[in-house]
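[1] mind folding the following:
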Amino acid sequence: MIPTRHSTRLLSLSNIQRVSMSSSLPPLSFKASTPSSVRAEAQAIIEKFKASINDIKDGKCGDPFATLSLALGDASAESARVTLPSMVHEDAEVRAESNRMKDALANMFSAAFTDSGLLRALSDKKQYTSKQISEEDEKFRRDVTFLLEARNGGNAPQDIRHELQNTRQQIEALCTAFCSCINENEDHLLFSDDELRGVGDIDRFPLDYYTKKRKVSLKAPSTLPVLKFARNAETRRTVLEALSKKCQEENTPRFEQVLKLRHEAANILATYPHHAAYQLAPKMASDVKCATEFLNECVSLYKPKLEREMKLLTDLKKELHPEEGGLQAWDMEYYIREFKARCAGVDEASLRQYFPLEHVKGSILSIYEELLELKFVREIDADIWHSDVECYSVSDASTGERHGYFYLDLFPRDGKYSHQCVYPLRPSYVKDDGTRVPPACVNLCNLTPPREGSPSLLLFREVETFFHEFGHVMHCVLTKSKHTLHSWAWSAVPWPGGVEQDFLEVPSMMLENFVWQPEILQRLSSHIDDGSSLPDQTIRALNNSRMLMTGFTKMKYLAMALYDLRVHTSAGPDATSDKQNPYVVDEVSHNASSLFNAMMKKYTGMEQVKGSFAGASWLHLMQGYDAGYYGYIYSECYAADLFSEFEALARDNKPIIDSELGRKYRQTILERGATKCGVEMLIDFLGREPSNEAFSYRVKTS
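    Reported below is the predicted structural model:
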């Protein structure tokens, strides 16, 4: 078994049986936005929200929980105009102010949930309606009370609550600065054409005016092809060293200070021994012991695979380049690709010709429409923030019921968020007039962009990423929740809500499995010259390569997940005492930076770049995955179990795109948001307790 633990017109939670759907799109053109306008909009949200909280505290409302639900919904829905510019705006000053206002909104929500007066008002039984309330409304009441009491010390003395709030504000500011440093980074490397031999299409890299060399940025669409294809080992080394030291000088002190403050915040509540305990308490894994044991089980599964594959890669390098010595960290992407090409017949460079972005995009949307019985319509007149952006409405294919909206922002730009994510723009919730606000989100990607005269051709890894991220899009826009707290969200946005963090990746990881299936690969592929799909032999080779040479990448991930739990179960480095190196690995003391490299060496066998701390450009731990990075493989385990229901169709020679099973998945998993806990939803879909058998079988037989 997978380890788990089981003053406005008022809206009454008890009187909503049927709701109509508002159809308005959020206004997301930022052409007129300035730092002062962003600040003014944030202030208006804060004043309105605080007024609602004061009404609840002063007893000026009928049902305090209904008033709180509406206040949370409105403030969350209005916040996108304030917070999204931090991720996408072309003006650095607007992005900076947007980040500051995102922190201000996060502090606003945090202050509400540490407010003892709000807790007392919500606990006053005299204010409740006597009518019976729904299971969803009852869960909302329980979740709000849990947030106020157990998570934020609502019953604690005022000085304790103020200290907690102040500490969290410091953490919020440091995390924002950490992430901004990465997103705003414009560092680049210069290489001659000869140094980029093997990469192909080097015209994608602009020429430097002075040196006439190619400028390679440190963003994934530039660095990944170089690491995979550059024949010159020195070129690959230079790229990996730059990536490993990216933002290191600025972000390492922030990283260490955040660790220290998180530990202090957990201790202020006097309930949790450390930050990891605080973070895991509301999750499916429930505690550090459970999460660590699961990760160690995964290490046992993948370690023999790593050992076999490292020997194969070492032998391959000796055969091809004996003069270069042993296998190095900057060799991994190159020789893994080379091994797949030689032994599995997967030529990643040739594969790109089959994955022009426009075809891939259209196919992914079509596949999701068919699987989940939906209809997507391009909203040509929607407000957008950049000419690259597209907006779509999502409706039920049979009834026409509007579910929500999504935006696609697929290419890298200066100042844009530099990773891949789905950013919530608006939650699903019910207004005081009974209408449901449709959720909205944007898929922020950094895929290979087109150039003049040349379309965007995707690496297969990019196809897989797009398919995965679109699973998050569906989870967001299909959510049917009355309350923002139960709508799809994650900590990139300031408002509270969403599923358990270690369930967050389950729905999209399940859907990602489809991208490897032969009938799906046929639909996704269309050769740029003649429109032909991938040949059957290539599809079989690609499908068979899925788990090939994954030992290193998985053990690298597991090292990082264990590192995350390790640094969040201690007080962290303290420069004012002798505890500057509080972590011990193999009887050697380490600080946060050297611990990262030591654990990578311990679990992968690979030395890291000397003097580097790759954690300084690791967004996850500063963007909500702290003491939660384990959630990816935890979710992968559940996702494999869910997908086994679709695999059974393929074994019976039935199409794997089955709309009946897809609708069941939509209704039992995607639409529910956080109205039920993750394990309950898994049982509802599977008709049994979840199991790790499908996941273990996949690893052991690869």
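
[2] separation between Asp388 and Arg95?
    Asp388 sits 17 Å away from Arg95 when distances are taken as C-beta to C-beta, to the nearest Å. The C-beta positions use only the backbone N, C-alpha and C, and glycine is treated the same way.

[3] same check on Leu524?
    Computed with C-beta to C-beta, the distance linking Leu524 and Arg95 is 34 Å.

[4] more crowded one of the two?
    Remark: of Leu524 and Arg95, Leu524 carries more neighbours, 27 against 23, as counted by other C-beta atoms under 10 Å.

[5] which residue packs closest to the more buried one, ignoring adjacent ones?
    Closest residue in space to Leu524, ignoring its immediate chain neighbours: Ser363 at 4.9 Å, by C-beta to C-beta, 6 or more residues apart in numbering.

[6] of all the residues in the strand or helix carrying that neighbour, which ones are buried?
    Under the criterion DSSP states H and E, the helix or strand holding Ser363 is helix 357-372. By neighbour count on 16 or more other C-beta atoms under 10 Å, the buried set for helix 357-372 is 357, 359-361, 363-365, 367-368, 370-372.

[7] nearest spatial neighbour of the spatially most central residue of the chain, chain-adjacent residues omitted?
    Nearest residue to the geometric centre of the chain (C-alpha atoms, centre = their mean): Cys421, 5.3 Å. The shortest distance from Cys421 to any residue that is not its chain neighbour, by C-beta to C-beta, 6+ apart, is 5.4 Å, and that residue is Leu444.

[8] pretty sure Asn581 contacts Ala598?
    No: look at Asn581 against Ala598 with C-beta atoms under 8 Å: they stay out of range, at 11.0 Å.

[9] quick check: neighbours shared by those two?
    Taking C-beta atoms under 8 Å, 6 or more residues apart in numbering as the contact rule, Asn581 and Ala598 both touch His590.

[10] please identify which of these two sits among more neighbours.
    Applying other C-beta under 10 Å to Asn581 and Ala598 shows that Ala598 carries more neighbours, namely 20 against 14.

[11] hmm, the more buried one is touching Ser589, no?
    No: using C-beta under 8 Å, Ala598 and Ser589 do not qualify as a contacting pair, with a distance of 10.0 Å.

[12] give me the spatial nearest neighbour of Met310, chain neighbours excluded.
    Taking C-beta to C-beta, 6+ apart, and ignoring the residues beside it in sequence, Met310 has Gly605 as its nearest neighbour in space, at 6.4 Å.

[13] after the longest helix along the chain comes which helix or strand?
    The helix spanning the most residues in the chain, taking DSSP state H as the definition, is helix 288-320. Proceeding C-terminally, helix 288-320 gives way to helix 332-339 as the next helix or strand, assigned by DSSP H and E.

[14] quick check: Leu190 is in a strand.
    Yes: counting by DSSP: H, G, I helix; E, B strand; the rest coil, Leu190 is found in a strand.

[15] any idea how far the closest residue to Lys246 other than its chain neighbours is from Ala106?
    Spatially, and ignoring its direct neighbours in sequence, Lys246 is nearest to Ser617 (4.1 Å; C-beta to C-beta, 6+ apart). Spatial separation of Ser617 from Ala106 under the definition C-beta to C-beta is 22 Å.

[16] okay, these two: which has more neighbours?
    With other C-beta under 10 Å as the criterion, Ser617 and Ala106 differ in neighbour count, and Ala106 comes out ahead with 24 against 21.

[17] show me what contacts the more buried one?
    If you count contacts by C-beta under 8 Å, 6+ apart, then Ala106 has 172, 494 around it.

[18] pull the contacting residues for the residue nearest to the centre of the chain.
    Applying C-beta under 8 Å, 6+ apart to Cys421 gives the contacts 444, 469, 492.

[19] and which of those is nearest to Lys228?
    Each of those was scored against Lys228 by C-beta to C-beta, and Glu469 proved nearest at 20.7 Å.

[20] I'd guessed the closest one sits against Glu505; true?
    No: in this structure Glu469 lies outside contact range of Glu505 using C-beta under 8 Å: 10.9 Å.

[21] those two: which is more packed in?
    For Glu469 against Glu505, the residue with the higher neighbour count under other C-beta under 10 Å is Glu505, and the figures read 25 against 20.

[22] before we move on, the earlier item: distance of the residue nearest to Leu524 from Gln522?
    With C-beta to C-beta as the criterion, Ser363 and Gln522 are 10 Å apart.

[23] now His475
    Computed as C-beta to C-beta, the His475 to Gln522 distance reads 26 Å.

[24] mean pLDDT per helix and strand in the chain: which one sits at the bottom?
    Least confident helix or strand, the chain: strand 20-21 with a mean of 47, by mean pLDDT, DSSP states H and E.

[25] give the next helix or strand downstream of that strand.
    Note on strand 20-21: by DSSP H and E, the next helix or strand toward the C-terminus is helix 35-57.

[26] quick one: buried residues of that next one?
    35, 37-39, 41-42, 45-46, 49, 52-53, 55-57.

[27] same check, this time on stretch 526-537
    Taking 16+ other C-beta under 10 Å as the neighbour-count basis, stretch 526-537 is seen to contain the buried residues 526-527, 534.

[28] neighbouring contacts of that stretch?
    The contact list for stretch 526-537 (C-beta under 8 Å, 6+ apart) reads 345, 351, 353-354, 356, 359, 363, 455, 457, 518, 521-523, 525, 542.

[29] spell out, range by range, the strands that occur in the stretch 151-300 of the chain.
    Taking DSSP state E, counting those that start in this stretch as the test, the strands found in the stretch 151-300 of the chain are 188-191, 214-217.

[30] just to revisit the earlier point, could I get the buried residues of stretch 526-537 as CSV with secondary structure?
    Compiled in CSV, those are given as follows (three-state DSSP):
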residue, secondary structure
Ser526, coil
His527, coil
Leu534, coil
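
[31] out of these, which comes closest to Met509?
    Leu534 (23.2 Å).

[32] how many neighbouring residues does the closest residue in space to Tyr354 that isn't next to it in sequence have?
    Spatial nearest neighbour of Tyr354, chain neighbours left out: Ser525 (4.1 Å); criterion: C-beta to C-beta, 6+ apart. Ser525 is surrounded by 25 other residues when neighbours are defined as other C-beta under 10 Å.

[33] phi, psi of Ser525?
    For Ser525, the backbone dihedrals are phi -100, psi 140 (criterion: degrees, to the nearest 10).

[34] so who does Met509 touch?
    With contacts defined as C-beta under 8 Å, 6+ apart, Met509 is in contact with 468, 471, 632, 635-636, 638-639.

[35] swap in 6 Å and give it another go.
    With contact taken as C-beta atoms under 6 Å, 6 or more residues apart in numbering, Met509 is in contact with 635-636, 639.

[36] mind checking which of those land in helices?
    For these, secondary structure assignment (DSSP H) places 635-636, 639 in helices.

[37] okay, those in a markdown table with pLDDT next?
    Conversion of those to a markdown table gives the following (pLDDT from 0 to 100):
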| residue | pLDDT |
| --- | --- |
| Ser635 | 96 |
| Glu636 | 96 |
| Ala639 | 97 |
